[in-house]
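> turn this into a structure:
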Amino acid sequence: MRQATGRRWQDLAIGEEASLTRRLTMHDIAAFAGISGDVNPAHMDEAWARSGPFHGIVAHGAWTASLISTLLGTELPGPGTIYLRQDFRFTAPVRVGDEVRATVQVAGKPEDGRVLLACRVSGGEGDVLVGEAEVLAPREARAVDLPDLPALLLPERGERLHALMAAPGGGAIPKIALIHPVSPRTLGPVLDRAEEGRAELVLVGPRHRIEAAAADLGRPLGGARIEDVPHSHAAGARAAEMAGRGEADILMKGDLHTSEVLAPVLDRANRLRTERRVSHAYVMDAPAYHKLLIVTDAAVNVAPSLSQKADILANAGALSRALGTPLPKAAILSAVETVEETLPTTVEAAALKVMADRGQLGVLLADGPLAFDLAVSPEAVAAKRLRSAVAGDADILLAPDLEAGNILAKQLDHLGGAVAAGVVLGARVPIALTSRSEGALPRKASLAVAERLWRAAASATEEADADAPG
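Here you go, the predicted model:
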């Protein structure tokens, strides 16, 4: 909270000014659309906006103008100001990630109480808005405490996943085998990634259906190669064969059942199995949490044993490190935070904690059993006076079984406004795995997560080769 004081007409001097700086995010765009009802696809639909005059999503013009209103009402003249008129000209778009500076300057005092202010919003490439506003100055100079900005929890915000997707890759680009991409919903986001120069594509499926999906999108396939097979089952088998031969670095599920992807991956003939158990993880961007959160396993292992949970936790730790967390914190979930003989998951959680403490699960911290609130809420930790290096700040949530993990992930998604990227771990190549009903953002984010895993594995191999004798 900060204090502001309105400036009376007689106290204002020609030429004095105030300014603020703001960086545009997708959260700003979503919040403004929700308040105004303006869901123009130029602001909300990435694919549509790319074909528009600005070749990408831009801010609502009124969002840019609202920065002027902010200055008038809180800075100059400040609290008590009444907005009378504005005359603005928009000279350039504001794009997601752009930092802009808004400035108002007292330009005239035509009569008692009325003030004219020159207005400007500028970005890295010059002005984006210029114009004039007319206001009534406050009648009295009264100090007021300005409230803190209210928190806005918006569905499908995904800011941290957007940042992950935009992060520079560097070096080689991965070869991605997209399995059975026979709908525009599946094909479009991956073509976007290729057009950004972030991937080399092989499209595995029936040629005529893939080309029909591209035609529906109205987009060329560019340099993507088609591996023509008759149906989805054959597409899964061919993609696994390619990955086993080193012809694909990443597999990605398209329009087919998960079992058609994983069955050939688990077939030892394709040489994709490792000593670890294969598991699934969601990387979730939940607006109410302060960082990305990994939920595992919600899609592959139904009722994992203790040893299988150890593998699932080790896989998740490797994923978290690949995403940039040097020492991940893993919360092993149960219904309570005490070890109870009548709750076998609490006994397993205690054993997993010991295994983690002894370095059996790789580089990570683990604690459990922990109830969900204790895993993510510092307030709950303080209220229960729990001593833990993990509680209240978890990077990973290990669910007791698939049902609990699936319910948790879908609650965060549908009620908590989270966006989830899905990936399969434990095979020799990462597998981007999303529901066939998912939109563009979860698909692109899943691919970006898989790319991070691929780069981390490649880097580890290089380091091992460098350390080898001779």
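> how about the helices of the stretch 51-200 of the chain, start to end?
Assigned by DSSP state H, counting those that start in this stretch, the stretch 51-200 of the chain shows helices spanning 61-74, 159-166, 184-195.
> who touches the second one?
The reference is to helix 159-166. Residues from elsewhere that reach helix 159-166 (CB atoms under 8 Å, 6 or more residues apart in numbering): 25-27, 96-97, 283, 285, 291-292, 323, 419, 421, 441, 444-445, 448-449, 452. Where C-beta positions appear, they are placed from N, C-alpha and C, glycine not excepted.
> out of the helices of the stretch 51-200 of the chain, flag the one nearest residue 389.
Among these, helix 159-166 comes nearest to residue 389, with 22.9 Å by CB to CB.
> and the angle from that closest one to helix 184-195?
50 degrees (axes from the mean of the first three to the mean of the last three CA atoms, to 10 degrees).
> list the buried ones in helix 159-166?
159-162, 164-165 (16 or more other CB atoms under 10 Å).
> could the residues you listed be laid out in CSV, adding pLDDT and distance to residue 240?
Converted to CSV, the buried residues of helix 159-166 look like this (pLDDT from 0 to 100; distance: CB to CB, whole Å):
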residue, pLDDT, distance to residue 240
159, 80, 34
160, 88, 31
161, 89, 27
162, 84, 31
164, 88, 26
165, 87, 26
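> let me have those residues in a markdown table, extended by distance to residue 310.
As requested, those are exported to a markdown table (distance: CB to CB, whole Å):
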| residue | distance to residue 310 |
| --- | --- |
| 159 | 33 |
| 160 | 28 |
| 161 | 28 |
| 162 | 33 |
| 164 | 27 |
| 165 | 31 |
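> ok, so of those residues, who is nearest residue 176?
Once CB to CB is applied, the member of the buried residues of helix 159-166 that ends up nearest residue 176 is residue 165, at 14.2 Å.
> give me the nearest residue to that closest one, chain neighbours excluded.
Nearest-residue entry for residue 165: residue 448, 4.4 Å, with adjacent residues in sequence omitted and distances by CB to CB, 6 or more residues apart in numbering.
> give me the number of residues near the one you found?
24 (other CB atoms under 10 Å).
> next one: residue 22
Neighbours of residue 22 using other CB under 10 Å come to 18.
> now swap in the one 4 residues further on and tell me
Here the number of neighbours of residue 26 (other CB under 10 Å) works out to 21.
> check residue 136 too.
There are 16 residues near residue 136, going by other CB under 10 Å.
> returning to what we had before: now which of the contacts of helix 159-166 would you call buried?
25-27, 96, 283, 285, 292, 323, 419, 421, 441, 444-445, 448-449, 452.
> narrow those to those in helices?
26-27, 441, 444-445, 448-449, 452 (DSSP state H).
> one step back: which one of the helices of the stretch 51-200 of the chain lies nearest to residue 121?
helix 61-74 (5.4 Å).
> buried residues in that closest one?
61, 63-69, 71-74.
> now these in CSV, with distance to residue 304 and pLDDT?
Listed next are the buried residues of helix 61-74 as CSV, based on distance: CB to CB, whole Å; pLDDT from 0 to 100:
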residue, distance to residue 304, pLDDT
61, 52, 95
63, 47, 96
64, 51, 96
65, 54, 96
66, 50, 96
67, 51, 97
68, 56, 97
69, 55, 97
71, 56, 96
72, 59, 97
73, 56, 95
74, 54, 95
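> and the top strand by length along the chain, what does it pack against?
Longest strand in the chain, counting residues (DSSP state E): strand 99-111. Packing partners of strand 99-111 (3 or more CB pairs under 8 Å, 6 or more residues apart in numbering; DSSP states H and E): strand 17-23, helix 61-74, strand 114-123, strand 126-136.
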